[in-house]
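1. Starting from these lines, generate the structure:
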Amino acid sequence: MLNSKGFDEWAAGYDASVRHSHDAGEYPFAGYDAVLSLIEARVNSRPGADVLDLGFGTGMLTARLYAAGHPVAGVDFSQNMLDAARAKMPCAELYLYDFTRGLPPALEGRMFDFIISTYAFHHVPDTGKPAFLLELSRRLSPGGECLIGDVAFETQAELDACHAAAGTAWDCGEDYAVAQLLAGALPSLRLSFARLSHCAGVLSIGRHDSPQPV
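-> Below you'll find the model as predicted:
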């Protein structure tokens with residue numbers, strides 16, 4: 001797993017490496033475009049919705065939401081990634097912070113219509129994922145939704161099959177989400193999963209006591 005320095009060094013070539021993996025249909029970025037498009041469409045279904053993006057990277061998705069008129073706040077732990085995103089979104093509210101430790105103090109008490117994350121949730125250890133999602137759910141406005149796109153799977157068997165197919169390319173330092181396990185650990189939340197490739201999908205998380213998103 002890369003640390004902030006590793007992502008600083010990767011920032012300049014990140015988008016190109018994502019594109020290569022996606023176009024080849026290979027782990028880890030097969031389905032990348034579909035993941036971003038699903039989240040983008042969901043957010044855009046509520047014009048002007050407030051968005052918090054965790055691990056926004058170079059701002060590939062965040063910049064599209066920003067251009068569509070959404071108020072955007074974001075958190076990333078790489079200064080070079082933040083600088084790349086800032087160039088695309090000069091007025092966005094961006095913070096240099098490791099979201100796996102929580103949200104920055106400047107966001108204390110803030111609520112959001114959407115909390116999104118793409119290809120970053122695997123940085124949260126498996127043992128900490130349920131508590132992390134529960135805390136995010138408390139930051140949702142009524143009818144709000146967490147949308148997490150990543151290397152992720154419906155079942156442990158699907159994860160194991162992808163691991164076997166990827167061989168030595170598999171990153172054993174990442175903790176990829178399994179929707180069935182998370183749903184079992186979070187009965188107080190509404191959780192669904194959309195599989196978009198052999199190695200990627202989008203988790204949707206909301207509160208049972210909150211109105212269903214339109």
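
2. Name every strand pairing with the strand ranked longest in the chain and say which way it goes.
-> Taking DSSP state E as the criterion, the chain has its longest strand at strand 140-150. Using DSSP bridges, the strands paired with strand 140-150 are strand 112-118 (parallel), strand 201-207 (antiparallel).

3. burial count for Thr168?
-> 4 (other Cβ atoms under 10 Å). For glycine as for every other residue, the C-beta is placed from the backbone atoms N, C-alpha and C.

4. Check the gap between it and Ser188 for me.
-> 39 Å (Cβ to Cβ, to the nearest Å).

5. what does Val75 give?
-> Remark: distance between Val75 and Ser188 (Cβ to Cβ) = 24 Å.

6. Settle it for me: which of these two has more neighbours?
-> It is Val75, of Val75 and Ser188, that has more neighbours when counted by other Cβ under 10 Å, with 24 against 9.

7. Pull the CA coordinates from the helix or strand the more buried one falls within and hand them back as PDB.
-> Applying DSSP states H and E as the criterion places Val75 in strand 72-76. What follows is strand 72-76, C-alpha atoms only, in PDB (Å, rounded to 0.1, in the frame of the first residue of the first chain):
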ATOM      1  CA  VAL A  72     -17.600  20.300  -3.300                       C
ATOM      2  CA  ALA A  73     -15.400  19.600  -0.300                       C
ATOM      3  CA  GLY A  74     -12.600  17.000  -0.500                       C
ATOM      4  CA  VAL A  75     -10.000  15.300   1.500                       C
ATOM      5  CA  ASP A  76      -6.700  13.700   0.300                       C
END
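
8. The next helix or strand after it packs against which elements?
-> Using DSSP H and E, the next helix or strand after strand 72-76 towards the C-terminus is helix 79-88. Under the contact criterion of 3 or more Cβ pairs under 8 Å, 6 or more residues apart in numbering; DSSP states H and E, helix 79-88 touches helix 4-10, helix 62-67, strand 72-76, strand 93-96.

9. beta partners for the residue nearest in space to the middle of the chain?
-> By Cα atoms, centre = their mean, the chain has its centre lying nearest to Ser117, at 1.8 Å. For Ser117, the beta-bridge partners are Ile148 (DSSP bridges).

10. Is His122 in contact with Phe153, as I believe?
-> No - the pair His122 / Phe153 is not scored as a contact, 11.4 Å apart, by Cβ atoms under 8 Å.

11. hey, least reliable of the helices and strands packed on helix 79-88 by pLDDT?
-> Ranked on mean pLDDT, the bottom entry among the helices and strands packed on helix 79-88 is helix 4-10, at a mean of 51.
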